[in-house]
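> The sequence and its predicted three-dimensional model are supplied below.
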Amino acid sequence: FHSFRGLHVCCAFNLVTLLCHLITPQPPQPVSCRIFVVGIGFFSLCFLMTSLGGQFSAKRSGESPFTVRAEVLSGHESRGVLRKISDMLEVIMKRMDALSKLGNATDSHRLEDNDIHYPVGLVERMQAIAQNMSDMAVRVEQILQRSVASREGTLGQCEIPKDPRYPDCSSKMDWMRARWTSDPCYAFYGVDGSDCSFLVYLSEVEWFCPPLPWRNQTATPTLKPPPRRQAVFQSDIGALLEQVGTGKESLSFMKRRIRRMAAQWASAARRLDDKLNNHGREQKRILVHVGFLTEESGDVFSPKVLKGGPLGEMVQWADILTALHVLGHNLKISVSLKELHGFLGVPPGRGSCPLTGPLPFDLIYTDYHGLQQMKQHMGLSLRKHKCHIRVIDTFGTEPAYNHEEYATTHGYRTNWGYWNLHGQQYMTMFRKGKVPGHSASLHGDPWNEPRSEVPLVAPVSV
């Protein structure tokens, strides 16, 4: 460290010596010698400016194994070095003034006797360079003073707050110091390895630390939810078919079923509209993420659609999509992780961070594959918005397997449970043997039965 500081002073001294050499009358020297002197001076100037710039922009890093802490000159030592440079520049300025007067005096022939020749305007240019360096030294001194004051104030502001309402704040700070580089999403939210950035993230993006009093709480404007509309029954299925998309045999099968059942769904919608007698219904924003059809889950169903493979799940999803569309809700359909990320606002990275904004949906219909994908990519947001999820659970889940603590205590093992959801969040086709679509195929009207008999509509109040 001390040798590095000495190198700073040495470079400054080399630079000043070069200026003195240039402005002081010297006997003629070889060109190679002049090039060497100029090169040494240029290197010294570049090193001095680069190292000083790096020091003043250095940030205090946390005690993380992934970061390197930078040692910089103290404020007193740095100001001392700058003051010496400034004093030497003042001496150079005085000598330049004397040379300028000497060049304008009548006895300038003395220089000619010594065979010393200066290019036209050299002294003026050297004066301008020296003045610029003097101004630069003053500006660097001011930057240093502001940096020291800011660092001293920030250190006090970024201490871990002791608030009993946030008992996990300290442990989360330790975790961030050690693991913040494990996912690029932390840097996306402004984390840079400093304790201040950890506290800002844990108090404003997550909720493990209390709000910081020195932060401008109005900096992030609260997005107003879009105005609510009234749901209107719709019998045209053209828009729905476009949203379902193409490219998979499973999607083609679902679209064929939607077309085949369109007339019966339209008839059922008119009958339900008459029953409700124009009773207002709020239009819901609904995301349907068909997880088992995503490439990331393997999509073992699509290749077997025309080969005798299972079709029950696709029948169920086709009827869910049609029911929600006919009821007049604002529907978004996702059959890939890329679409899921775009609809939810997932930040770039590996899924450790919350969503970039509030959840843009009132309800999310998905299956166990989709639920696992959301757990991997939504971070803490899944826990926060779990009540908005409806799971299409074809064959049902026993309550004992749904409750994680109970299942673990009693040794119940499953690949599909432990989600701790409310019982009515599970949608199964075997509730009293009926489901929209299945009933339509057998009885002609998917809503001909009492609403309590229709499991995929009544539990979510759509």
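Here it is on my side, so go on.

> Which residues are in contact with the nearest residue to residue 195 once chain neighbours are set aside?
Excluding its sequence neighbours, the residue lying closest to residue 195 (Cβ to Cβ, 6 or more residues apart in numbering) is residue 158, at 4.5 Å. C-beta: built from backbone N, CA, C; applies to glycine. Residue 158 makes contact with 194-196, 199, according to Cβ atoms under 8 Å, 6 or more residues apart in numbering.

> If we use 7 Å, what do you get?
By Cβ atoms under 7 Å, 6 or more residues apart in numbering, the contact set of residue 158 is 195-196, 199.

> among those, who's most crowded?
In terms of neighbours by other Cβ atoms under 10 Å, the contacts of residue 158 top out with residue 199 at 25 neighbours.

> in what helix or strand does that one lie?
helix 195-200 (DSSP states H and E).

> then that helix to CSV, C-alphas only?
Extracted C-alpha coordinates of helix 195-200, given in CSV (Å, rounded to 0.1, in the frame of the first residue of the first chain):
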residue,chain,number,x,y,z
ASP,A,195,-24.4,-2.8,2.9
CYS,A,196,-26.5,0.2,1.8
SER,A,197,-27.6,-1.6,-1.4
PHE,A,198,-28.4,-4.7,0.7
LEU,A,199,-30.6,-2.7,3.0
VAL,A,200,-32.4,-0.9,0.2
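
> Show the subsequent helix or strand relative to that helix.
Downstream of helix 195-200, the first helix or strand assigned by DSSP H and E is helix 238-244.

> Need the contact partners of the following helix or strand past that following helix.
Later in the chain than helix 238-244, the nearest helix or strand by DSSP H and E is helix 249-260. With contact meaning Cβ under 7 Å, 6+ apart, helix 249-260 is reached by 237, 240-241, 244-245, 293, 301-302, 305-306, 311, 314-315, 317-318, 322.

> outside of stretch 183-192, which residues touch it?
When contacts are defined by Cβ under 7 Å, 6+ apart, stretch 183-192 is touched by residues 59, 180, 197-198, 200-201, 205, 347-350, 352-353.

> Show me which residues of stretch 264-274 are buried.
Across stretch 264-274, burial judged by 16 or more other Cβ atoms under 10 Å covers 264-269, 272.

> now, which of those sits nearest residue 417?
Nearest to residue 417 out of these is residue 265 (Cβ to Cβ; 33.4 Å).

> Can you check what angle separates the helix or strand encompassing the closest one from helix 249-260?
Following DSSP H and E, one finds residue 265 within helix 262-276. Helix 262-276 and helix 249-260 are oriented at 60 degrees to each other (axes from the mean of the first three to the mean of the last three Cα atoms, to 10 degrees).

> Report all helices and strands that the helix or strand encompassing residue 170 contacts.
Using DSSP H and E, residue 170 sits within helix 169-179. For helix 169-179, the packing partners by 3 or more Cβ pairs under 7 Å, 6 or more residues apart in numbering; DSSP states H and E come out as helix 195-200.

> quick one: average pLDDT of the helix it packs on?
For helix 195-200, mean pLDDT rounds to 94.

> what's in contact with that helix?
Contact partners of helix 195-200, identified using Cβ under 7 Å, 6+ apart, comprise 62, 154, 158, 173, 176-177, 190-191, 209, 212, 215.

> Can you add distance to residue 426 and give those residues back as a markdown table?
Output for the contacts of helix 195-200, formatted as a markdown table (distance: Cβ to Cβ, whole Å):
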| residue | distance to residue 426 |
| --- | --- |
| 62 | 44 |
| 154 | 50 |
| 158 | 45 |
| 173 | 38 |
| 176 | 36 |
| 177 | 40 |
| 190 | 39 |
| 191 | 37 |
| 209 | 35 |
| 212 | 41 |
| 215 | 41 |
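
> In three-state terms, label residue 333 for me.
strand (DSSP: H, G, I helix; E, B strand; the rest coil).

> quick one: contacts for it?
Counting by Cβ under 7 Å, 6+ apart, residue 333 touches 243-244, 288, 321.

> tell me which of these is nearest to residue 340?
Nearest to residue 340, judged by Cβ to Cβ, of the contacts of residue 333 is residue 288 at 10.7 Å.

> just for this protein, where's the confidence low?
1-93, 95-123, 126-127, 130, 134, 138, 140-156, 217-223, 430-462 (pLDDT under 70).

> Domain parsing of it, as residue ranges.
Residue ranges for the domains of the chain, per automatic domain parsing: 2-107+118-157, 159-221, 238-460.

> check contacts around the closest residue to residue 396 other than its chain neighbours.
Of all residues not flanking residue 396 in the chain, residue 428 sits nearest, at 4.3 Å (Cβ to Cβ, 6+ apart). Neighbour list for residue 428: 393-396, 455 [criterion: Cβ under 7 Å, 6+ apart].

> possible to save these as a markdown table with distance to residue 422 and secondary structure?
Below are those laid out as a markdown table (distance: Cβ to Cβ, whole Å; DSSP: H, G, I helix; E, B strand; the rest coil):
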| residue | distance to residue 422 | secondary structure |
| --- | --- | --- |
| 393 | 13 | coil |
| 394 | 19 | coil |
| 395 | 19 | coil |
| 396 | 15 | coil |
| 455 | 14 | coil |
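
> which one among those gets closest to residue 404?
Checking the contacts of residue 428 against residue 404 with Cβ to Cβ, the nearest one is residue 393 at 16.2 Å.

> Excluding chain neighbours, what is closest to the closest one?
residue 426 (4.6 Å).
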